[in-house]
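[1] Dropping a prediction and its sequence here:
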Amino acid sequence: MTTPDILLIEDSPSQALQFRLMLEQAGYRVEVAVTSLEGWRAASVLKPRMILLDIDLPGLDGFQVLSRLKRDRATRHIPVVMLTHREHVSSVQRAIDLGANDYLFKDDAVSALLPVVEQVIALA
């Protein structure tokens, strides 16, 4: 299996499809995980160039997944961009404190997703 450029961990099928299509049209290879545990395991196995991680996941939330990714020697170097509808400054700060590289509001994704991904991958 080819290493994906991006691992998208998103439980909403419609949003996962929207983001995946946008990224694939821009030339990125995308793997989608629909649960937090599936995403965490996929990150360890696939070692993508970056991870787009939804905060509002059932089971482990995105903060818990991020924390596990950053504690694991195999995944701590992978850049992570958090995705959410939340517009609370405390969520942004918490994500950054846990090691996220950036933070993207889903409502802004149509215009902001590709520039953020390009910047994070360029710096990785």
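    Ah, there it is.

[2] In contact with Val32, which residues?
    Contacts of Val32 were listed using CB atoms under 8 Å, 6 or more residues apart in numbering, and they are 7-10, 16, 20. (C-beta placed from N, C-alpha, C; glycine too.)

[3] show me the contacts for Ala43.
    By CB under 8 Å, 6+ apart, Ala43 lies in contact with 7, 51, 69, 75, 78.

[4] any idea of the mean pLDDT in stretch 70-80?
    Stretch 70-80 shows a mean pLDDT of 96.

[5] Outside of that stretch itself, list whatever touches it.
    Contact with stretch 70-80 is made by 43-44, 47-53, 66, 69, 98-101, 120-121, 123-124, as judged by CB under 8 Å, 6+ apart.

[6] I only care about those that end up buried; give me the PyMOL line for that.
    Here is the PyMOL selection string for the buried members of the contacts of stretch 70-80, based on 16 or more other CB atoms under 10 Å:
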select buried, resi 43+48+49+50+51+52+53+66+69+98+100+101+120
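
[7] which secondary structure element contains Glu24?
    In this structure, Glu24 sits in helix 13-25 according to DSSP states H and E.

[8] now, which of the contacts of Ala43 sits nearest Ala109?
    Ile51 (15.2 Å; CB to CB).

[9] Which pLDDT does the model give that closest one?
    pLDDT at Ile51 comes out at 98.
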